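Peer 1: Need coordinates for the below:
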Amino acid sequence: MSAWSRRDVLKGIGAPAIAASLPLPRVEAAPPFSRMPAEGLGTPKICLGYYGAVDPSGMQRVKQIGVDHVLTGGPKIPGPRPISARGSIPSRPAG
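Peer 2: I've put the predicted structure just below:
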């Protein structure tokens, strides 16, 4: 005798057919992203704090990474003092 009865086979065939005939819930899609807004007087500018040499070659290096607006002058941004890696490595005696 077969492991499957006729009733089980009909249930297996009928369930996907009924599920396919049911209406799908409507999901609204997000509006497509067309492009970045054009830069104007009202758009915010991304700036980089630059403390290097303010000469044509220094500004060219900044422009190469895509920065159009540079903050120069004024005090440096406060923060912790840089730590030397040489001072934090314990010295071992030679030999």
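Peer 1: Give me the average confidence score over the helix or strand harbouring M59.
Peer 2: In this structure, M59 sits in helix 56-64 according to DSSP states H and E. Mean pLDDT, helix 56-64: 86.
Peer 1: and the next element down the chain from the biggest helix by length in the chain?
Peer 2: If you go by DSSP state H, the chain has its longest helix at helix 6-21. Remark: after helix 6-21, the chain's next helix or strand is strand 47-49, criterion DSSP H and E.
Peer 1: List the buried residues in that next one.
Peer 2: By 16 or more other Cβ atoms under 10 Å, strand 47-49 has no buried positions at all. Using the backbone N, CA and C atoms, a C-beta is placed for each residue, glycine as well.
Peer 1: That strand: partners in the sheet, and parallel or antiparallel?
Peer 2: strand 69-71 (parallel) (DSSP bridges).
Peer 1: who touches the partner strand?
Peer 2: With Cβ atoms under 8 Å, 6 or more residues apart in numbering as the test, strand 69-71 has contacts from K45, I46, C47, L48, G49, Y50, M59, V62.
Peer 1: could you dump those residues to JSON lines with distance to S5?
Peer 2: Output for the contacts of strand 69-71, formatted as JSON lines (distance: Cβ to Cβ, whole Å):
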{"residue": "K45", "distance to S5": "73"}
{"residue": "I46", "distance to S5": "69"}
{"residue": "C47", "distance to S5": "75"}
{"residue": "L48", "distance to S5": "74"}
{"residue": "G49", "distance to S5": "77"}
{"residue": "Y50", "distance to S5": "79"}
{"residue": "M59", "distance to S5": "82"}
{"residue": "V62", "distance to S5": "77"}
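Peer 1: Just give me the least confident of the residues you listed.
Peer 2: The minimum pLDDT among the contacts of strand 69-71 falls on I46, with 71.
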